[in-house]
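1. sharing a sequence plus its predicted fold:
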Amino acid sequence: GAGLGTGSVSILSNNTANQIATGALQLSGGITVSNPISVGSGTGTQSASGINSGGVLQSVSGTNTYSGTITNVSGSSFWVGADVGAVLNLTGSVVSVNSGLFSGGGVINYQGAGSLPTFSSFQIIGGTTFNLTSGGTNASFTPTIQVRNGTLSVSGATTKAGGTGLITINALGTLLVDDTAAALANRLNNRALTIEGGVFTYKVNGGAASSEVSTGALTTAAGGSTISIDNATGLKGSTLTWASLSQGTGATLNITGAYGTSTNKVVFTTAPTLTGGAVAATNGLLPRITVNGGEFATYNTNGVTTNAFGLQAYAGYSAAANILSVAANQTYKALYSTANSLTGNQTLNALTLTSSASGSVNVGGLSGLNPTTLTVTSGGILAVGTGSGSRLSVPVVAFGAAEAYVHVASGQTLQVDSGLSGSAALTKSLGGTLTFNRQQFVTSQVIVNDGALNLASGATNTLYYNQNLVVNRGTVDLVGGVQFVANLSN
């Protein structure tokens, strides 16, 4: 026991409009409390958030357990917290029809044996890890779920969501579906999933095939999102299924792990539309999506031959060893061993620059009164390889009305001496460095999802003047220059 006797505990505020309840029950030193607790904060939009939003029930140090029933009796929401380095085990029931927020930066383990909480919404904030491992029933767990900052881990032999509410993973959030110890199909109960620059991780069971099937859509909103498939233990089969794929402006997606085979798949009931190729469904690709940070993605084809393996690495590059010989609907891979200099205008579907130990790659062209223009119709440029980096020095690279996606893999630098032009957004993704060495002419917003964007040293307005600049997980270095933007946001 913890010295609170056998009675119930109440932490309530009065009904003054917009009052926030700042009372809290703080636990420390590795104790267990079994008393039932009632929390509330008046009516309407009032929230029981505790002291400095640390939680109306708060573990401040050590590993503490609350085994009593927690009932939210009034107000719009209540907060439960575990400070950094602290652990809070919740082994009783939680009863609430309002919002539940979990904060503090520590670890909260929900291990209740009864029904899962009946929140209206469920949020993880403040870098908190929330482990949902209840052995209880799932039908009551129906809230919308938002992982704003921290990790929500769902595991256990019977733990799964109920309801149909949207699940959202924000830029600092991770949703982990963990089948390591027990494979349980459809833990997310056919819910739609939106990733806004966050991470969805799927851990595959080591002894049996695992699957997560949803009749809801997968949406990647603005930001560099990640889907990570962890199949390291046992190398068993796995299938991730969504109804469809939708991607907003500035949305890029990198999918890591083992997939794209007959036994390990990421699939959609409605196949995403591929871009480019003589026959798009056979030879096309997905310019926003990368495979393990090293290749464009495609779907139900490897770019040469169709299959039923879902998302997979693209391999349908033009066989031409000279960029001048590539057909307009094809995708070209520039290597150290290929001829990469344009003596006239050229159109490609997408472009990959692959550095190697032999040397860097430079895709160039003629300047002068009639400068060479390289048009990239899908908007996709990918810089990868084992060397230090690549260079793009065609005088003009045109995207037209297509959104431009410049993916630079971690450890790589893409030097751009070209002038990029287009009327839609330009998005930089992956962990490498994109360096603009001259003024650019993309007349829309520039979005940095990951890695670094370096502007021309000492220059004024390397990016097109008075456009929005969105910096998500990445960084922008002015390199001693000046850039005028309409709006700076993340």
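-> Structure's in. What do you need? Residues are numbered from 1 along each chain as shown.
2. ok, Gln312 touching Val291?
-> Yes: with contact defined as C-beta atoms under 8 Å, Gln312 counts as touching Val291 (7.0 Å). Yep, even glycine has a C-beta here, placed from its N, CA and C like the rest.
3. higher neighbour count, these two?
-> The neighbour count for Gln312 versus Val291, taken as other C-beta atoms under 10 Å, is higher for Gln312 (23 against 20).
4. quick revisit: which residues are in contact with both of Gln312 and Val291?
-> Gly260, Ala297 (C-beta atoms under 8 Å, 6 or more residues apart in numbering).
5. next helix or strand past the lowest-mean-pLDDT helix or strand in the chain?
-> Lowest mean confidence among the helices and strands of the chain (mean pLDDT, DSSP states H and E): strand 9-13, at a mean of 69. Next along the chain after strand 9-13, taking DSSP states H and E as the criterion, comes strand 25-28.
6. ok, that following strand: who's next to it in the sheet?
-> Using DSSP bridges, strand 25-28 pairs in its sheet with strand 57-61 (parallel).
7. what residue ranges in the stretch 51-200 of the chain score low on pLDDT?
-> 113-115, 135-140 (pLDDT under 70).
8. where along it do the helices fall?
-> Remark: no helices are assigned in the stretch 51-200 of the chain by DSSP state H, counting those that start in this stretch.
9. likewise the stretch 251-400 of the chain?
-> Using DSSP H, counting those that start in this stretch, the helices found in the stretch 251-400 of the chain span residues 280-283.
10. which sections of the stretch 351-490 of the chain are below the confidence cut-off?
-> Within the stretch 351-490 of the chain, no stretch has pLDDT under 70.
11. list the contacts of Gly380.
-> Listed by C-beta under 8 Å, 6+ apart, the contact partners of Gly380 are Thr275, Leu285, Pro287, Arg288, Phe296, Asn349, Ala350, Leu351, Tyr405, His407.
12. ok, for it, nearest residue in space, not its chain neighbours?
-> Closest residue to Gly380 apart from its sequence neighbours, by C-beta to C-beta, 6 or more residues apart in numbering: Pro287 at 3.0 Å.
13. burial measure for that neighbour, as a count.
-> 28.
14. Ala48 too?
-> 31.
15. that one contacts Val80, doesn't it?
-> No: using C-beta under 8 Å, Ala48 is not in contact with Val80; the gap is 9.8 Å.
16. joint contacts of these two?
-> Residues touching both Ala48 and Val80 by C-beta under 8 Å, 6+ apart: Val56.
17. relative to Ala350, how far out is Asp178?
-> 35 Å (C-beta to C-beta, to the nearest Å).
18. likewise Leu101?
-> Taking C-beta to C-beta, one finds Leu101 at 43 Å from Ala350.
19. Gln330 too?
-> Distance of Gln330 to Ala350, computed by C-beta to C-beta: 9 Å.
20. which one of the two is surrounded by more residues?
-> Neighbour totals were compared for Gln330 and Ala350, and Ala350 leads with 25 against 20 (other C-beta under 10 Å).
21. what bridges to that one?
-> Thr331, Gly380.
22. confirm for me that it is in contact with Phe296.
-> Yes: using C-beta under 8 Å, Ala350 is in contact with Phe296, at 6.4 Å.
23. name the residues contacting each of those two.
-> Leu285, Pro287, Thr331, Gly380, Leu382.
24. okay, those in a markdown table with distance to Val485 next?
-> A markdown table is the format used below for those (distance: C-beta to C-beta, whole Å):
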| residue | distance to Val485 |
| --- | --- |
| Leu285 | 31 |
| Pro287 | 25 |
| Thr331 | 32 |
| Gly380 | 25 |
| Leu382 | 26 |
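25. can you get me a residue count around the nearest residue to Val442 once chain neighbours are set aside?
-> In space, and not counting its chain neighbours, Val442 is closest to Leu426: 4.5 Å by C-beta to C-beta, 6+ apart. Neighbour count of Leu426, defined by other C-beta under 10 Å: 27.
26. identify the residues contacting Leu426.
-> Phe399, Glu403, Ala404, Val406, Leu420, Gln440, Val442, Ser444, Gln445, Val446, Ile447.
27. from these, which land in strands?
-> Among these, the residues falling in strands (DSSP state E) are Ala404, Val406, Leu420, Val442, Val446, Ile447.
28. neighbour-wise, which one of those residues leads?
-> Taking other C-beta under 10 Å as the neighbour criterion, Ile447 ranks highest of the ones in strands among the contacts of Leu426 with 29 neighbours.
29. and for it, nearest residue in space, chain neighbours not counted?
-> Nearest one to Ile447, counting by C-beta to C-beta, 6+ apart, is Gly250 at 4.0 Å.
30. what's the neighbour count on the one you found?
-> A count of neighbours around Gly250, defined by other C-beta under 10 Å, yields 26.
31. quick one: residues contacting it.
-> Taking C-beta under 8 Å, 6+ apart as the criterion, Gly250 is in contact with Ala222, Gly223, Glu403, Ala425, Thr427, Gln445, Ile447, Asn449, Val470.
32. kindly recompute the last result at 6 Å.
-> Ala222, Ala425, Thr427, Ile447 (C-beta atoms under 6 Å, 6 or more residues apart in numbering).
33. repeat for Asn89
-> Thr65, Asn109.
34. so how far is Asn131 from it?
-> Noted for Asn89: a distance of 9 Å to Asn131, by C-beta to C-beta.
35. how about Ser225?
-> Counting by C-beta to C-beta, the gap from Ser225 to Asn131 is 23 Å.
36. what's the closest non-adjacent residue to the spatially most central residue of the chain?
-> Centroid-nearest residue in the chain, with C-alpha atoms, centre = their mean: Ser225, separated by 2.4 Å. Among residues not flanking Ser225 along the chain, Ile195 sits closest, at 4.0 Å (C-beta to C-beta, 6+ apart).
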